[in-house]
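Participant: Quick one, what's the 3D model for this:
(3 chains)
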Amino acid sequence: MSPQDDRPASPATDGDAPLSRREAKEAARQDEVRRENAAETAGGELPPPAVPPTATGLGGGTSPESTLLQRIMTGNALVAFLSVVLSLVLGGLLIAITDEDVARASSYFFSRPQDTLAAAWTAASSAYIALFQGSVFNFQGETFARMIYPLTQTLTVATPLICAGLGVALAFRAGLFNIGAQGQILIGATFAGWVGFTLHLPAGIHLLLVILAGMVGGAIWAGIVGLLKARTGAHEVILTIMFNYIAVNLVLYFLSTPAFQRPGSTNPISPQLDATALYPPLLGAGFRLHWGFVVAVLATFFVAWLLNRSTVGFELRAIGANSSAARTAGINVSKGYILAMAIAGALAGLAGVAQVSGTEKVLTSGVAASFGFDAITVALLGRSTPWGTFAAGILFGAFRAGGVTMQASTGTSIDIVLVVQSLIVLFIAAPPLVRALFRLPAPGASRAGKGGSTTRTPASTGAAA
Amino acid sequence: MSTATTEAPAHGARDGGDARVRSWKTPIILAVVALFSLLVFAIGAPANDVTFRLSEDGDAIVLPPLVVSAPVVGWIAALGMIALAVIAFLRTRSARKVPTWVPAVFAVLFLIAFLTWVVGSARTPNVALYGLLAGSVTLAVPLIFGSLSGILCERSGVVNIAIEGQLLFGAFAAAVAGSLSGNAFVGLFAAAVAGVLVSLVLAVFSIRYVVNQVIVGVVLNVLVSGLTGFLFSAVLTEDPERWNSPPRLPIIEIPLLSDLPVIGPILFEQTIVGYLMYVAVAVIYVELFHSRWGLRTRAVGEHPKAADTLGVNVNRVRFTNVLLAGVVAGIGGSFFTLVAVSGFGRDMTAGAGYIALAAMIFGRWNPIGAFFAALLFGFATNLSNVLSLLGTPVPDQFLRMLPYVVTVFAVAGLVGRSRAPGASGIPYIKG
Amino acid sequence: MKLELIGITKRFGSLVANDSIDLVVEPGQVHSLLGENGAGKSTLMNVLYGLYDPTEGEILVDDKPVTFKGPGDAMAAGIGMVHQHFMLVPVFTVAENVALGNEATKAGGMLDLQKTRTRIRQISDQYGFDVDPDAVVEDLPVGVQQRVEIIKALVRDAEVLILDEPTAVLTPKETDELLGIMGQLKADGKSIVFISHKLREVKAVSDVITVIRRGKVVGTADPDASTTELASLMVGRSVSLTLDKKPATPGEVTFRVRDLTVQAANGQRVVDGLSFEVAQGEILAIAGVQGNGQTELTEAIMGLQDHVTGSITLGGEELLGRSVKDVIRAGVGFVPEDRSVDGLVGTFSVADNLVLNRYDDDPFARGLSMSPAVIEKNAEEKIAEYDIRTQSASAAAGTLSGGNQQKVVMAREFSRPLELFIASQPTRGVDVGSIEFLHRRIVAERDGGTPVIIVSTELDEVLELADRIAVLYRGRLMGIVPGTASRDVLGLMMAGMAGDEALAQVHDVQGGNL
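Facilitator: Purely as a prediction, here's the structure:
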């Protein structure tokens, strides 16, 4: 491949060096300078690798700004906790002000304000209690099994979140913004589903093949993005967004063909997967929790080993932290991009398998729900570490599972979960905001710059002066 | 010493004799597409005539329908494309630039050939061209507003993934405010305010707290989707009469002009939102490239530090632009609830914000480019609607995919190259 | 305009960049700020230009105290600055760049670029700049870009012009032209603050020289002061400008480059038909003004460049077309010119950086699995051997000082048997103590029988290390001269004169003088 005819005079390269080298270097340099300065001003503490230098900016540019993950990684647990609390409080307020009893009570607010407040408290607290009962432990359960049923539901919902979240996190660590888990789940589920309802194989082999197909599907779908980025320098944020929509339409198309439809039906829904293609229930037929969760746990172990203990992980992290230095050290950056995306896609594909052969058992265009987008927030909350992502996946799984119960019992729309989830990620991304709201001291007086962000630093002193 | 030594080498100085590193990409792609067209649109052309109706029977000026033979059009267009591919080959072989008109004309020919072929292959090879075009513009209106919002942000160096959220919140606010006040114009105003609110969060987090802009954008979309979804079920569906039945914006026909065939309904039979769209494209284009504000915006987006050293307050310019983008996208959002249908629905923007983002990139961060890109995308969507009625060989999913596929090609540099503003996505930290 | 800085102190956290600096710039005077890299010169100027708030201290303009909230205030007060890294928007035209921030407008905020163009032509004519207002900046040569920067300041009626390391990117001839322009400006009554660490230039143009070391003014000097005097003032002790090294004993020639050409994406030949060889046990220095193809040359050898033709052989084996990894495995050690970008992963630990290109070799990894204990042990050894100042082996490399970062890179490269060693700008931004250490290590590697290539834009360094010197100009080899060649010869070659011609001319001049 070679550069475009009308490419401007800037010395862009191609082929193995996708991004204009100079742009990339300049970006990396700025990033390094900023980090060095941050390090100087912060008394030598330097955050571990984060969303890496190449992970922002659209189109031709690359740009370093690892702020969010840096923050998350350096931000202390208190900020994380307060972010969750704050988000829940805001969500509670939203529930309260839209509650009819509260509205009624507020009509005479000035004569009896306590009524309004009491109604608000009731509205919010009952919703959250329902959320808890639906996600962790049901006090009203008649048997122990019924009591812990909600927890198993949480784990069931968490399964695809963890798998896809791991994919997003792994790509982050390699410097890639993978917004495309949604599409990768869909394609993975399509591959897995097709194998599940078209081939009729003995138990064991069938499921293995289904899992493999799902991973291959996701890996291909994400791998194309990696390939395009490596070859042409196209920005993966745009590519993955576009691939999400292409995937939806592709699946809709497949579901309009006889190969995917139920015999005699033209509805966009596939036949049920063979029993041999399904994840067996983990705790017996009374629970929906299936062996996919165990796969998710194994996947977490695998990603943890891959990232932190393997040479592949070393390469990917090096590319993510400084692709220029990685390339100079003999690491094949293009290969790394493709590999990182393919592994990320395979993990998202596992999420697709969890859906199609765990919970849904049929293939529809909605099989991915919004797990692909939730996976981004999961990975962010999990600081892009494997076990952090695992924990975040369970938390958001709890929100989702509990949200269903909440909607059924108190009529509070499950959409509130989305609100709380996105607020958590926003707050965690901006610790200074949380600190300001709770009047916490900034960590280290020297950091007391504008908005607590990196203080004005001698960007040029390093090289000049 | 020679006179040439005033030039420091390796930077811009170009020896005349050096050949550019040749790129065969453009000619190869053109050739492949041309051959495909030859096979499908010419050799595989349906043997019948195709009718394009240009005006409605009741129109003031009635034009006779355009009837063409599908094979004739297919062959002419395919041969034309082959000729253009040959030109591209020759230019590349002699190491010269392929002029931009070559791919442009190529694209037009492809579009004509495709349209003729696809309509010709339908069960009823007869289509109302005026309706097809007018419908495209209508569908493109929110996309154009969205992409203008993206341009305002990115030209100043802030990546705006939150277009979807701005549109959705604008649509929601327009519905609610319009219903409560019973006045569509109040709804329009509220939509702009709602867009600004989303922008405000984007600006505060990405500029003041230097949070990664892509992340803020993605999360904001989730937030708005959740918030509007929650309020929709908690409030709007409880009493739709009160909360979710906004009046529609009236269509303003400009006398005489709106009677013009084909272009009349496109240009002169719009709601206020439609007219505002044209105004916004023109104003933003002129301002961006010819005003002081525009110069500063572009400077801040390309090289913020340079702007800073000249006394331009980088983050203030960015903040203002992001808020302005909220106004634009918010108005675009009102289209969904005040023009298209009367009332809000959960996640009703259905990814329009992402197509708008695509249009911005495909339009190369230029308001006019984005306008035409959005029109193309609107056209693709509308065509898929029309064709599903006519019965067609192309699955409508593929037409719906078109904007996304085209954008992938655009960012991958397979059709032209999109060069983003230099500092887009990079927060500016002073010092 | 008279400019006075009183007791300027600037701290970044615990780091004191400027420590109560006093400075007076009289009207019509060229006042040089001399100091090493990192001495605090640029920080001081950024304070003066309103980019940083001083922690303490005062700025007086014509004896009246002023505070600059931003560059806008500084410009309004008549201060202009030409930054070391040009502050030009590359995709803008000259006129747009000049207008920015100071736009002439018509009704409705519309730009009136015609006014700006007229002003540019006026200034351009007055000083003989020859700048086209409608040229796009990224297409202009560096020297012209610098003039655009000066025009930017003059359009804003600057009375004091700060030039921050303006000659770093210029050829000797362009430098002379710039010094001429400075003279003209001075004659027009403008004051100039000239920041440099190049003694000869400072001596050539200054009226007053202030020397800064470690953020403090350590003295003022007369332009007549001797070079060694200024140098010792600058680095704080009398420096021996020469390194004790034995004469080279070149062995077999194992590294050969033939007709090497590197093309940039726009077709420009950034390295043009280079041929040279390096023998075992000798140091070939590659000299030249920055941006004359040195970077591309070293990167081409490493396999980091595309569009390379010709031949590169090491021990008879062709390196061209091999992957970076293969080149490293073939025994090529490489210290890139920009260590923080290409040499280190700043967020990785020192230990990881010490195996950055050997992480998958035995014993650091077995198969896919890495061995952290071995990597840790390796790090402890290297830290001790190279005296790398770090809190621990697990500290992030980005937290180290420039010199220590460079030691990490060097330690890594020297930790395996080398067939060729290449170092680009081995001591850029490195403190004096480390420079000596690093130079000695390089010479030791040579004495061990490795062919060594040093790329440096600092003539001092070139002359200190080289056994032979190759000079690059616009990607072409101007010739290879012995390591004892004079500065004048090298200067002429760096400006594009062939080696033998330069030798002859210098010989003539010296002969004439005698």
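Participant: hey, let's count contacts and neighbours off CA atoms from now on
Facilitator: OK.
Participant: how about residue B:311, what does it touch?
Facilitator: When contacts are counted by Cα atoms under 8 Å, 6 or more residues apart in numbering or on different chains, residue B:311 touches C:70, C:71, C:72, C:73, C:101.
Participant: So which of these is surrounded by the most neighbours?
Facilitator: Among the contacts of residue B:311, residue C:71 has the most neighbours (other Cα atoms under 10 Å in any protein chain shown), with 26 neighbours.
Participant: What pLDDT is listed against that one?
Facilitator: Looking at residue C:71, its pLDDT reads 87.
Participant: Equivalent analysis for residue B:377, please.
Facilitator: Predicted confidence (pLDDT) for residue B:377: 87.
Participant: which residues touch it?
Facilitator: So residue B:377 contacts B:140, B:355, B:359, B:402, B:403 (Cα under 8 Å, 6+ apart).
Participant: Over the helix or strand encompassing residue C:508, what's the mean pLDDT, rounded is fine.
Facilitator: In this assignment (DSSP states H and E), residue C:508 forms part of helix C:499-513. The average pLDDT for helix C:499-513 rounds to 71.
Participant: and if you look at stretch C:326-343?
Facilitator: On average, stretch C:326-343 scores 92.
Participant: is any part of it close to chain A?
Facilitator: Yes: applying Cα under 8 Å from any Cα of the partner chain, one finds stretch C:326-343 touching chain A at C:326, C:328, C:340, C:341, C:342, C:343.
Participant: can you list contacts of that stretch?
Facilitator: With Cα under 8 Å, 6+ apart as the criterion, stretch C:326-343 contacts A:25, A:28-29, A:32, A:322, A:324-330, C:295, C:302-303, C:319, C:346, C:357, C:398, C:405-406, C:409-410, C:413-414, C:416-426, C:428.
Participant: Write a ChimeraX command that selects only the buried members of those residues.
Facilitator: Selection of buried members from the contacts of stretch C:326-343 for ChimeraX, criterion 16 or more other Cα atoms under 10 Å in any protein chain shown:
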select /A:25,28,29,32,322,324,325,326,327,328,329,330 /C:295,302,303,319,346,357,398,405,406,409,410,413,414,418,419,420,421,422,423,424,425,426,428
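Participant: which residue does the stretch 301-431 of chain B bring closest to chain A?
Facilitator: Nearest to chain A, among the residues of the stretch 301-431 of chain B, is residue B:425, at 4.1 Å (Cα to the nearest Cα).
Participant: Just to check, that residue is in contact with residue B:156?
Facilitator: No: applying Cα atoms under 8 Å, one finds residue B:425 not in contact with residue B:156, separated by 9.5 Å.
Participant: can you tell me how far the residue nearest to residue C:4 when sequence neighbours are not counted sits from residue C:60?
Facilitator: Excluding its sequence neighbours, the residue lying closest to residue C:4 (Cα to Cα, 6 or more residues apart in numbering or on different chains) is residue C:24, at 4.4 Å. Relative to residue C:60, residue C:24 is positioned 9 Å away (Cα to Cα, to the nearest Å).
Participant: now for the helix or strand where residue A:78 lies, which elements pack on it?
Facilitator: Per DSSP H and E, residue A:78 falls inside helix A:77-97. Contacts defined by 3 or more Cα pairs under 8 Å, 6 or more residues apart in numbering or on different chains; DSSP states H and E place helix A:77-97 against helix A:113-135, helix A:415-429, helix A:431-437.
Participant: in the helix or strand following it, what counts as buried?
Facilitator: Remark: after helix A:77-97, the chain's next helix or strand is helix A:100-106, criterion DSSP H and E. Using 16+ other Cα under 10 Å as the test for burial, helix A:100-106 gives A:100, A:101, A:102, A:103, A:105, A:106.
Participant: and if you look at stretch C:117-131?
Facilitator: Going by 16+ other Cα under 10 Å, stretch C:117-131 has these buried residues: C:117, C:119, C:120, C:121, C:123, C:124, C:129, C:131.
Participant: Check the offset of that stretch from the chain's centre.
Facilitator: Taking the mean of its C-alpha atoms, stretch C:117-131 sits 29 Å from the chain's own mean (Cα atoms, centre = their mean, to the nearest Å).
Participant: Other residues contacting that stretch?
Facilitator: So stretch C:117-131 is contacted by C:95, C:132, C:133, C:144, C:147, C:148, C:151, C:154, C:155, C:181, C:184 (Cα under 8 Å, 6+ apart).
Participant: follow-up on the earlier one: out of the contacts of residue B:311, which comes closest to residue A:410?
Facilitator: residue C:70 (56.2 Å; Cα to Cα).
Participant: excluding its backbone neighbours, what's nearest that closest one?
Facilitator: Leaving aside its sequence neighbours, residue C:70 sits nearest to residue C:50 (Cα to Cα, 6+ apart; 4.3 Å).
Participant: Which residue lies nearest the spatial centre of chain C?
Facilitator: Of all residues in chain C, the one closest to the mean position by Cα atoms, centre = their mean is residue C:168, 6.0 Å from it.
Participant: which phi and psi does that residue have?
Facilitator: As for residue C:168, its main-chain torsions (degrees, to the nearest 10) stand at phi -60, psi -30.
Participant: and it, what does it touch?
Facilitator: C:84, C:290.
Participant: Distance of it relative to residue C:469?
Facilitator: Residue C:168 is 20 Å from residue C:469, by Cα to Cα.
Participant: Just give the number of residues close to the residue of the stretch 301-431 of chain B closest to chain A.
Facilitator: Using other Cα under 10 Å, residue B:425 has 29 other residues around it.
Participant: circling back to that earlier point, what's the overlap in contacts for residue C:24 and residue C:60?
Facilitator: Counting by Cα under 8 Å, 6+ apart, the residues touching both residue C:24 and residue C:60 are C:3, C:4, C:5.
Participant: Tell me if the second one really is in a helix.
Facilitator: No: per DSSP: H, G, I helix; E, B strand; the rest coil, residue C:4 lies outside any helix segment and is strand.
Participant: That one and residue C:23 touch, don't they?
Facilitator: Yes: taking Cα under 8 Å as the definition, residue C:4 is a contact partner of residue C:23 at 5.7 Å.
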